[in-house]
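Visitor: Structure of the sequence below:
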Amino acid sequence: MLMMRPTTGISESNQRDQWRTTDMIVHHEGAVQMAEKILTLPNIRPEIQDFAQKIVRVQGEEIVTMRTRLDDNVVIEKGIDMNDHGH
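Guide: Prediction:
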């Protein structure tokens, strides 16, 4: 399954940015869900637990930022590059 929808047929950059941002939110939500599942398992090594907690925290913050940008139309108005998400 593709992480992001193909946007080759979209001529309007605003719509393309909205799709990419929305798809990135879904991608981050999947990572958070996996990390949360790991944290429910017994006998997790401390470094794995720390890593999973960091994923939940950092990607959760990024989800909030991306949703805010979509809600405030920052993606559209400022042309923010949502491909630069720090990974």
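Visitor: Can you list the low-confidence ranges for this protein?
Guide: Within the chain, the stretches with pLDDT under 70 are 1-13, 74-87.
Visitor: repeat that for 50
Guide: Low-confidence segments of the chain, defined by pLDDT under 50: 1-2, 76-87.
Visitor: the strands in it, which residues?
Guide: With strands called from DSSP state E, the chain shows none.
Visitor: which helix of this structure spans the most residues?
Guide: Ordering each helix of the chain by length in residues (DSSP state H) puts helix 13-40 first.
Visitor: how deep is the spatially closest residue to Gln59 that is not a sequence neighbour tucked in, by neighbour count?
Guide: Distances taken as Cβ to Cβ, 6 or more residues apart in numbering place His28 nearest to Gln59, at 4.4 Å, with adjacent residues excluded. Yep, even glycine has a C-beta here, placed from its N, CA and C like the rest. When counting by other Cβ atoms under 10 Å, one arrives at 21 neighbours for His28.
Visitor: List the buried residues for the longest helix of the chain?
Guide: Under the neighbour-count criterion of 16 or more other Cβ atoms under 10 Å, helix 13-40 has 16-25, 28, 31-32, 35, 38 buried.
Visitor: likewise stretch 62-70?
Guide: So stretch 62-70, judged by 16+ other Cβ under 10 Å, has buried residues Glu62, Ile63, Thr65, Met66, Arg69, Leu70.
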